[in-house]
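Enquirer: Please find the sequence and the predicted model below.
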Amino acid sequence: GAGVSQTPSNKVTEKGKYVELRCDPISGHTALYWYRQSLGQGPEFLIYFQGTGAADDSGLPNDRFFAVRPEGSVSTLKIQRTERGDSAVYLCASSPGSGADTQYFGPGTRLTVL
Amino acid sequence: LAKTTQPISMDSYEGQEVNITCSHNNIATNDYITWYQQFPSQGPRFIIQGYKTKVTNEVASLFIPADRKSSTLSLPRVSLSDTAVYYCLVGPGGGGGNKLTFGTGTQLKVEL
């Protein structure tokens, strides 16, 4: 079946604006993760969902960042009052959540804050 | 979480075998070793995972010595398409919810 998809692929916004990034996980995967990757660095964990609930949000940098997964499938990462330092590639991954470690990543959304 | 150290970059030629070694001196008893590959403008892709000795799949082999303080990813007969960043990760195996901790990875460049 289809892999993890993310939209948009690119997002350019101005400092102070609000953005939403969407992730469609692999069908049937109960675990969903968000990561952020800056240039030249490895991905950095932000938040993990098991079903509809955020099981671990310890990686969110501050309260401007928020994520939801209301029906246990699609997830939206929301960033308020964007700052230039938020510019990065935001990656989403999903896994079966039944004990498997393998996470399947989407292509990411490149966010640029001007 | 155990910290990993791997070379920043490596160069190779098509048809060669490439070995990338990762050090993880503080690996815990329940930690597994996992390698991911990342191409530009793509998310990381799982390559291989192991706990001890040797694991082989259709893509690579993973060698883990008895003390598990290091591991070596072996890519046989690389091609240009193997040019990518390779990440070594160490963490608990099994169970959903394991957030992955990536380092800066090894940039492998394969030339003709």
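Expert: Yep, it's here. Since we're looking at a predicted model, the values are computed, not measured.
Enquirer: so who does the nearest residue to residue A:85 once chain neighbours are set aside touch?
Expert: Nearest residue to residue A:85, sequence neighbours excluded (C-beta to C-beta, 6 or more residues apart in numbering or on different chains): residue A:113, at 7.8 Å. C-beta here means a position set from N, CA and C on the backbone, and glycine is covered the same way. By C-beta atoms under 8 Å, 6 or more residues apart in numbering or on different chains, the contact set of residue A:113 is A:13, A:14, A:15, A:17, A:82, A:83, A:84, A:85, A:86, A:87.
Enquirer: Mind doing that once more with 6 Å?
Expert: By C-beta atoms under 6 Å, 6 or more residues apart in numbering or on different chains, residue A:113 lies in contact with A:13, A:15, A:82, A:84, A:86, A:87.
Enquirer: Phi and psi next, for the most centrally placed residue in chain A.
Expert: For chain A, the residue nearest the mean C-alpha position is residue A:34 (3.3 Å; C-alpha atoms, centre = their mean). Here the main-chain torsion angles of residue A:34 (degrees, to the nearest 10) amount to phi -120, psi 140.
Enquirer: who's in contact with it?
Expert: With C-beta under 6 Å, 6+ apart, residue A:34 has these contacts: A:46, A:47, A:67, A:77, A:92.
Enquirer: so how many other residues sit close to the closest residue to it other than its chain neighbours?
Expert: Among residues not flanking residue A:34 along the chain, residue A:46 sits closest, at 4.2 Å (C-beta to C-beta, 6+ apart). Using other C-beta atoms under 10 Å in any protein chain shown, residue A:46 is surrounded by 22 other residues.
Enquirer: sorry, back to before: tell me the pLDDT at the residue nearest to the centre of chain A?
Expert: At residue A:34, the model reports a pLDDT of 97.
Enquirer: From residue A:2, how far off is residue B:82?
Expert: Taking C-beta to C-beta, to the nearest Å as the measure, residue B:82 falls 25 Å from residue A:2.
Enquirer: Comparing these two, which shows the higher neighbour count?
Expert: For residue B:82 versus residue A:2, neighbours defined as other C-beta under 10 Å are more numerous around residue B:82 (19 against 8).
Enquirer: Figure out the helix or strand that the most centrally placed residue in chain B lives in.
Expert: By C-alpha atoms, centre = their mean, chain B has its centre lying nearest to residue B:35, at 3.3 Å. Using DSSP states H and E, residue B:35 sits in strand B:31-38.
Enquirer: Thank you, goodbye.
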